[in-house]
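>>> Any chance you could fold what I've pasted below:
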Amino acid sequence: MPDWLNDKRIIGDCSLRDPNNFPLFLTNPTREKVQEFIIGCKNDYLPEKEGEKLNKLWTSLLSDAITFLKTKDKRENPSGSARNRDSIAFGVDELSKYFQEYNAFEALLYSDRFYRDHVMHVFRVWLVGIWILRRTQSVYFDNQEFNEKISRDEIDSMWCIIALTHDLGYPLDKFEKVTRRIDSMMTYFGGNQKSDTGFRIPSHHHFINDFILTFISSKLVKRETEKIDPSKKKSCKEEPNFQTAKQSKFYLKFSKSFEVFDHGIISCILLMKNLVYFLESDLDLSRPFTDNEDARQFYIRREILRSIASHTCTDIYHLYPNSLAFILILADELQVWKRPTFYALKASGGQELSLNAQVPSISEKVIELAFEVVATKDEKASQKECQDYVFALFRKWQKWLRSALGASERKFEVTITCRVKAGRTTTEYQFKSRPQEQPKLLINAKKRDLIQIWSLSTREVRAEHA
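Take a look at the predicted model:
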């Protein structure tokens with residue numbers, strides 16, 4: 001079995017210890033920051049304590065990724081020369097201030113018993129994603145026209161934006177839960193008092209929010225056109241152009257996700273409202289794009305936002321293991337190391353739940369993930385808590401890999417093994433998903449009814465590691 005995932009292993013496997021292997025979109029000043037970060041991780045340095053440095057690194061990475069994508073936009077930079085690269089991505093400074101507030105606010109988020117680090121987490125997700133991308137031959141796009149029209153360097157930039165911003169909406173996701181707890185406490189002051197702290201989107205924001213939902217729910221439709229050659233009086237085909245069309249099933253699913261403030265869709269709204277790069281997005285459902293570069297740029301921006309929105313919307317199922325949306329899910333699920341829970345911070349004798357992950361196999365045909373969950377409390381109570389954690393994990397994967405329209409296109413298999421150690425007892429849970437087969441649940445190698453994982457109450461014990 002391979003070693004457990006950690007900073008050193010991921011960085012080594014990506015060959016990122018050598019600056020020559022850094023992604024191309026990084027500018028020289030950012031390369032220096034990344035190199036310092038890499039050296040710190042290699043030496044077991046705890047960058048979690050360096051909030052200001054992390055914020056500067058986050059800002060530099062995001063700005064470099066956006067400005068690089070803009071240099072590849074033929075409408076803005078026909079020559080493609082890096083000399084025309086903007087020195088700043090407008091709006092990143094405001095988003096950086098939000099990230100700083102998020103960093104400072106994180107201590108309050110630990111009021112959720114299962115809350116774990118989401119600041120250092122995004123950098124590690126970025127590294128895990130680089131590790132996965134360098135193991136894949138290609139990245140799947142649902143519009144095949146762009147498989148060769150989006151370069152790997154652009155994909156690296158897209159991935160950086162996805163990884164660094166996918167959890168920005170997390171505080172608002174948890175706001176409702178905090179409100180419920182405040183309301184519960186208010187009852188001790190007499191009567192059934194309710195606090196006036198509910199989070200509501202102002203009505204005049206609904207227009208832009210609906211645009212965002214429509215944008216990430218739209219696809220490109222290829223249009224074949226003909227023109228008449230006057231000299232020959234015959235029609236001949238032109239280069240195909242594209243038109244956007246709203247996909248109702250995506251619109252409904254993302255709207256539902258927005259209603260409950262899932263942090264994926266909230267993160268998309270933050271990006272669209274604060275970054276000029278996304279404010280310049282084109283969308284017209286009634287007319288085709290006049291230039292195919294318009295279509296390509298729509299697709300790049302939509303793919304970034306849809307990937308972020310999908311990672312917290314389990315109503316979205318996945319057919320391809322090498323799409324950016326699925327790579328985000330993989331990287332997010334695998335990044336479990338050095339993410340202490342509230343109880344881990346309080347505990348003097350050890351963590352409540354210690355989590356590790358490894359990847360026996362990862363390819364476009366076979367994905368094998370292994371998790372170790374170690375509990376240090378009372379054995380009986382720990383077994384139940386660990387099982388709740390494992391079943392919550394399996395529930396998500398069952399929905400992501402469920403049978404649905406187009407599922408015959410799913411050609412890869414997934415095996416997730418969770419070894420739970422509680423006291424002197426070790427239990428092995430395994431979830432298996434195979435193409436054209438019903439998924440299976442095994443407990444200590446014995447097949448169990450998969451509906452068992454749905455019988456578990458979705459109370460507060462949801463595993464909040466995504």
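
>>> Please count neighbours and contacts with C-alpha atoms only from this point.
Fine.

>>> Find the residue ranges of this protein scoring beneath the pLDDT cut-off.
Residues of the chain meeting the criterion pLDDT under 70: 1-2, 43-50, 106-118, 176-178, 180-181, 190-205, 224-240, 340-353, 376-382, 455-466.

>>> What segments of it are strands?
Secondary structure of the chain (DSSP state E): strands at 218-223, 226-229, 234-237, 241-246, 353-362, 366-375, 413-422, 425-433, 440-443, 446-448.

>>> right, so these: which one is the most enclosed?
A comparison of those by mean neighbour count, using mean count of other Cα atoms under 10 Å, puts strand 413-422 on top with a mean of 21.

>>> Neighbouring strands - and their directions - for that strand?
Sheet pairing for strand 413-422, assigned by DSSP bridges, gives strand 366-375 (parallel), strand 425-433 (antiparallel).

>>> re the thing from before, the strands of the chain into TSV, with extra columns for distance to residue 65?
Below are these laid out as TSV (distance: least, Cα to Cα, whole Å):
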stretch	distance to residue 65
strand 218-223	24
strand 226-229	38
strand 234-237	37
strand 241-246	25
strand 353-362	26
strand 366-375	29
strand 413-422	31
strand 425-433	35
strand 440-443	40
strand 446-448	46
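
>>> how about those strands, which one is nearest residue 310?
Across these, residue 310 has its closest neighbour in strand 218-223 (13.8 Å, Cα to Cα).

>>> tell me what that closest one is packed against?
Strand 218-223 sits against strand 241-246, helix 292-310, with contacts defined as 3 or more Cα pairs under 8 Å, 6 or more residues apart in numbering; DSSP states H and E.

>>> Give me the distance from the longest one to the chain's centre.
By that I understand helix 292-310. Centre-to-centre, helix 292-310 and its host chain are 15 Å apart (Cα atoms, centre = their mean, to the nearest Å).

>>> tilt between it and strand 218-223?
Relative orientation of helix 292-310 and strand 218-223, computed by axes from the mean of the first three to the mean of the last three Cα atoms, to 10 degrees: 150 degrees.

>>> From residue 383, how far off is residue 390?
Using Cα to Cα, to the nearest Å, residue 390 is found at 10 Å from residue 383.

>>> Then residue 263?
Taking Cα to Cα, one finds residue 263 at 30 Å from residue 383.

>>> Have a look at the two and say which one is more surrounded.
More neighbours surround residue 263 than the other of residue 263 and residue 383, with 25 against 21 (other Cα atoms under 10 Å).

>>> and residue 367, what does it touch?
359, 361, 412-415 (Cα atoms under 8 Å, 6 or more residues apart in numbering).

>>> Out of the strands of the chain, which is closest to residue 101?
strand 353-362 (27.7 Å).

>>> so the closest one versus strand 366-375, what angle?
Using the same axes, to 10 degrees: strand 353-362 against strand 366-375 is 160 degrees.

>>> Please identify which of the strands of the chain is closest to residue 279.
Across those, residue 279 has its closest neighbour in strand 218-223 (16.3 Å, Cα to Cα).

>>> partners of that closest one in the sheet?
As assigned by DSSP bridges, strand 218-223 forms pairs with strand 241-246 (antiparallel).

>>> Pull the distance from the partner strand to the chain's centre.
For strand 241-246 - counting by Cα atoms, centre = their mean - the centre lies 25 Å from the chain centre.

>>> can you list the residues that contact it?
Counting by Cα under 8 Å, 6+ apart, 214-215, 217-225, 283-292, 295 sit against strand 241-246.

>>> cool, and stretch 275-282?
Contacts of stretch 275-282 (Cα under 8 Å, 6+ apart): 66, 89-92, 95, 271-273, 294, 297-298, 301.

>>> Repeat the analysis, applying 10 Å as the threshold.
66-67, 69-70, 89-95, 212, 215, 244, 268, 271-273, 289, 294-295, 297-302, 305 (Cα atoms under 10 Å, 6 or more residues apart in numbering).

>>> Just the buried ones from those residues, in PyMOL syntax?
Of those, the buried ones go into a single PyMOL selection, burial set by 16 or more other Cα atoms under 10 Å:
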select buried, resi 66+67+69+70+89+90+91+92+93+95+212+215+244+268+271+272+273+289+294+295+297+298+299+300+301+302+305
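
>>> ok so, going back, which residues are common contacts for residue 390 and residue 383?
Counting by Cα under 10 Å, 6+ apart, the residues touching both residue 390 and residue 383 are residue 420.

>>> returning to that earlier point: of all the helices and strands packed on strand 218-223, which one is nearest residue 17?
helix 292-310 (27.1 Å).

>>> C-alpha coordinates for that closest one, PDB please?
Presented in PDB, the C-alpha positions along helix 292-310 are these (Å, rounded to 0.1, in the frame of the first residue of the first chain):
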ATOM      1  CA  ASN A 292     -15.700  31.500 -31.600                       C
ATOM      2  CA  GLU A 293     -13.200  33.100 -29.200                       C
ATOM      3  CA  ASP A 294     -16.300  34.500 -27.400                       C
ATOM      4  CA  ALA A 295     -17.600  31.000 -27.100                       C
ATOM      5  CA  ARG A 296     -14.300  29.700 -25.800                       C
ATOM      6  CA  GLN A 297     -14.000  32.400 -23.200                       C
ATOM      7  CA  PHE A 298     -17.600  31.700 -22.100                       C
ATOM      8  CA  TYR A 299     -16.800  28.100 -21.700                       C
ATOM      9  CA  ILE A 300     -13.600  28.600 -19.700                       C
ATOM     10  CA  ARG A 301     -15.400  30.900 -17.200                       C
ATOM     11  CA  ARG A 302     -18.400  28.700 -17.000                       C
ATOM     12  CA  GLU A 303     -16.300  25.600 -16.400                       C
ATOM     13  CA  ILE A 304     -14.500  27.300 -13.500                       C
ATOM     14  CA  LEU A 305     -17.800  28.300 -11.800                       C
ATOM     15  CA  ARG A 306     -19.700  25.100 -12.500                       C
ATOM     16  CA  SER A 307     -16.900  23.000 -11.000                       C
ATOM     17  CA  ILE A 308     -17.000  25.100  -7.800                       C
ATOM     18  CA  ALA A 309     -20.800  25.000  -7.600                       C
ATOM     19  CA  SER A 310     -21.000  21.300  -8.200                       C
END
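
>>> All set, thanks.
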